[in-house]
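Asks: Based on what follows, work out the 3D shape:
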Amino acid sequence: MDHDVLTSLARYGYFVAELLDRPDIERSTVTVWSTSPYTGIAEGEIFFAHGIRLRIREELDFDASLITSCGYEVYRHGERLYWHDDFPHPGVPLLASTFPHHKHIPPDIKHNRVPAAAMSFTRPNLPALLQEIKTLIKDASR
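Replies: Purely as a prediction, here's the structure:
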C-alpha cells in the first residue's frame, strides 16, 4: 500500500471509499473532509456482522503525507473490546518499539497496553484494522 493516498483529500477519500466497499461491511458512516487546503479529517463508524463496530478518527496532513493523530475503537454489541491510539506513554518501556502507537486490551483496558506494530503515521491504518476485525468475525462465527 503506497502512502501516496495520503497526499490529497481526493486520493484519501477515494481510497477509503474503495476499501470500505466490501461484502463483510454491513454499512459505514465514515466521511473524509477538508479542514484547510492541506489538512483533513476521516471520521465515522464501520459496522460488521456479529454486532462488531469500528469507530475511527484520523487527522490528516496532505502536504506532509501524514496521519497526524488517530484513534480507533472496536466494539461488540456496545461493549468496547479494545482501542488503538497514539497518545504517548514514554514511561512505559514495553511500548517503545511502536512509540507512540499502542493498543489497549482487557483486562483493565484503560491501563493494559501493548505495542501496535501495524499502526503508522506514514501509511493508512484502515487495512490493518479491517484485517484485525476480519479475525474477530471469524472467531465469532465459530
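Asks: Could you list the low-pLDDT ranges of this protein?
Replies: Applying pLDDT under 70 to the chain flags residues 1-3.
Asks: what about the strands in it?
Replies: Ranges of strands within the chain are 25-28, 31-34, 39-48, 52-61, 66-76, 79-85, 102-104, 113-115, based on DSSP state E.
Asks: which residue is nearest the middle of this structure?
Replies: Taking C-alpha atoms, centre = their mean as the criterion, Tyr72 is the residue nearest the geometric centre of the chain, at 4.4 Å.
Asks: Quick check: nearest residue in space to that one, chain neighbours excluded?
Replies: In space, and not counting its chain neighbours, Tyr72 is closest to His84: 4.4 Å by C-beta to C-beta, 6 or more residues apart in numbering. (Each C-beta comes from the backbone N, C-alpha and C, glycine too.)
Asks: What helices and strands are in contact with the lengthiest helix in the chain?
Replies: In the chain, taking DSSP state H as the definition, the longest helix is helix 126-141. In terms of contacts (3 or more C-beta pairs under 8 Å, 6 or more residues apart in numbering; DSSP states H and E), helix 126-141 is packed against helix 9-19, strand 39-48, strand 52-61, strand 66-76.
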